[in-house]
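Asker: Sequence and predicted structure below; questions after.
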Amino acid sequence: MTTFSSIRLFAITSLAALSMTAASGASANELSASARANGIVIHSADETLHNYCSWNAGRLYLNIPGGASYELITTVADPAILNKGDGSFHPYDAAEVRSALNAVRYPLQNISAEVFVLPYPRRNGLDSAAGPGLILLSPGVRALTLEQQHAEFTHELGHVVQYSVLPDADSSGWNRYRSMRKLDASFAGAAAHSDRPHEIFAEDFRVLFGDAQANYSGSIENADLDYPTTVSGLDAFMIELASAPVAMTPLHVLGSAYRGAVQFARSGMGAATLDVYDVTGRHLTSLVPVVSASGATWNWDGRDEGGRSVRGEVVFARARDGRGGVVRVTRL
């Protein structure tokens, strides 16, 4: 199975429940996407299917806000799926993903990402994948254990964190990391999967900052490296990286009274539905834009879809077309 950002836990051979070997080589799993500020949003499999997927000529496509599109394989009978498992695809549980996120012991206030729980795997990359501000969690061909879900998600979150706090252009930071991890300078994209610095960073993140379920295997992908907890100063170095500034975004909140109604605004970027989420990534409500010559506004009465008043919580809002970034509001 060709993998780039999907995790390997050696307590199980290549995560057998996730194994969906392709009939032909899959493309890289490191994704290209625009990073967004102020929040991690989790889209359940149902939400992903209904809001971000569409049919075209008999094929189902995942449409990522910002332009990327991926064909999805909707049946294990497809020739690309060599391991048929139990005959069905089994998506991640969004609530379990939120649980894994809430358990992460890393300062994530400057980290933004959209997490899409996929109802079906991508044809050009069957495994879970991550890129700047984006995580795609691919289903298994057998029911996924809680440990598998926590481990895979936390690893992929490690990729998002790396892209945000230690970009490839930061040669000084990478030199420090390579020295600390005793990595050969030749470890790069053409190296074996487990030798790639991005993968090593993601595994370090999982071990150092994930919960017990994420670390149930007691091992890392590259068994030749020192276990992360034995590397002096590694956890402190990674936490130090979290001090990167938060980027400003065009989407903003009008006014300063957040006890009642809230109005979001965006100038000159067209109209799109605005989704509001709580701090765990749970979808609260969707707002229809009011369009004018200057842009779009969205009016929120402060209630979720069930009519419950949202108080004493931090919420995030993002336009469904992916433009304008994410804005955070604290509900008093």
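Answerer: Good, I have the coordinates.
Asker: so who does Leu225 touch?
Answerer: Going by Cβ atoms under 8 Å, 6 or more residues apart in numbering, Leu225 touches 181-182, 200. Using the backbone N, CA and C atoms, a C-beta is placed for each residue, glycine as well.
Asker: Dump those to CSV, plus neighbour count and secondary structure.
Answerer: What follows is these, written out as CSV (neighbours: other Cβ atoms under 10 Å; DSSP: H, G, I helix; E, B strand; the rest coil):
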residue, neighbour count, secondary structure
Arg181, 19, helix
Lys182, 9, coil
Ile200, 23, helix
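Asker: Looking at those residues, which one is closest to Gly158?
Answerer: Nearest to Gly158 out of those is Ile200 (Cβ to Cβ; 9.7 Å).
Asker: okay if I get the contacts of Leu225 as a markdown table plus distance to Pro139?
Answerer: Formatted as a markdown table, those follow (distance: Cβ to Cβ, whole Å):
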| residue | distance to Pro139 |
| --- | --- |
| Arg181 | 32 |
| Lys182 | 36 |
| Ile200 | 26 |
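Asker: any low-confidence regions in the stretch 1-150 of the chain?
Answerer: 1-38, 66-67 (pLDDT under 70).
Asker: returning to that earlier point: ok, so of the contacts of Leu225, who is nearest Ser292?
Answerer: Ile200 (49.6 Å).
Asker: Let me know the pLDDT of the closest one.
Answerer: Looking at Ile200, its pLDDT reads 96.
Asker: That one against Arg181, yeah?
Answerer: Yes. Counting by Cβ atoms under 8 Å, Ile200 does reach Arg181; the two are 6.3 Å apart.
Asker: buried residues in stretch 221-241?
Answerer: 221-222, 225, 228, 231, 234-235, 237-238, 241 (16 or more other Cβ atoms under 10 Å).
Asker: and the residues you listed, which of them are in helices?
Answerer: Mapping those onto helices (DSSP state H) picks out 234-235, 237-238.
Asker: Please identify which of the contacts of Leu225 is nearest to Thr75.
Answerer: Minimum distance to Thr75 across the contacts of Leu225 is 35.6 Å, recorded for Ile200 (Cβ to Cβ).
Asker: Now for the nearest residue to Ser44 once chain neighbours are set aside, how many residues are close by?
Answerer: Using Cβ to Cβ, 6 or more residues apart in numbering and skipping the chain neighbours, the partner closest in space to Ser44 is Ala94 (3.7 Å). By the other Cβ atoms under 10 Å criterion, the neighbourhood of Ala94 contains 22 residues.
Asker: Spit out the contact partners of Ala94.
Answerer: 42-45, 47, 117, 281.
Asker: Grab the two from the ones in helices among the buried residues of stretch 221-241 that are most spread out in space.
Answerer: Once Cβ to Cβ is applied, these give Asp235 and Phe237 as the farthest pair, at 7.3 Å.
Asker: follow-up on the earlier one: measure the residue nearest to Ser44 to Thr280 for me?
Answerer: The gap separating Ala94 from Thr280 is 10 Å, by Cβ to Cβ, to the nearest Å.
Asker: Also Ala296?
Answerer: 27 Å.
Asker: Who has more neighbours out of those two?
Answerer: Neighbour totals were compared for Ala296 and Thr280, and Ala296 leads with 22 against 16 (other Cβ under 10 Å).
Asker: Work out the gap between the one helix or strand the more buried one maps to and the centre of the chain.
Answerer: Ala296 belongs to strand 295-300 when assigned by DSSP states H and E. Distance of strand 295-300 from the chain centroid (Cα atoms, centre = their mean, to the nearest Å) equals 27 Å.
Asker: pretty sure Asn102 is touching Gly281, no?
Answerer: No. With contact defined as Cβ under 8 Å, Asn102 does not reach Gly281; the gap is 9.6 Å.
Asker: of those two, who's got more company?
Answerer: Using other Cβ under 10 Å, the more surrounded residue of Asn102 and Gly281 is Gly281, with 22 against 11.
Asker: Check the secondary structure at that one for me.
Answerer: Gly281 carries the three-state label coil when classified by DSSP: H, G, I helix; E, B strand; the rest coil.
Asker: Which residue is the nearest non-sequential neighbour of it?
Answerer: Closest to Gly281 by Cβ to Cβ, 6+ apart is Ile42, at 3.1 Å.
Asker: Can you tell me the strand partners of the helix or strand containing that neighbour and which way each runs?
Answerer: Assigned by DSSP H and E, Ile42 falls within strand 39-43. Strand 39-43 has the following sheet partners, assigned by DSSP bridges: strand 112-117 (parallel).
Asker: Using CSV, list the CA coordinates for the strand it pairs with.
Answerer: C-alpha atoms of strand 112-117 as CSV (Å, rounded to 0.1, in the frame of the first residue of the first chain):
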residue,chain,number,x,y,z
SER,A,112,-6.4,25.9,11.7
ALA,A,113,-7.6,22.9,9.8
GLU,A,114,-10.7,21.4,8.2
VAL,A,115,-11.1,17.7,9.0
PHE,A,116,-13.2,15.8,6.5
VAL,A,117,-14.4,12.3,7.6
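Asker: residue boundaries of the strands in the stretch 101-250 of the chain?
Answerer: Using DSSP state E, counting those that start in this stretch, the strands of the stretch 101-250 of the chain run over 112-117, 129-131, 134-137.
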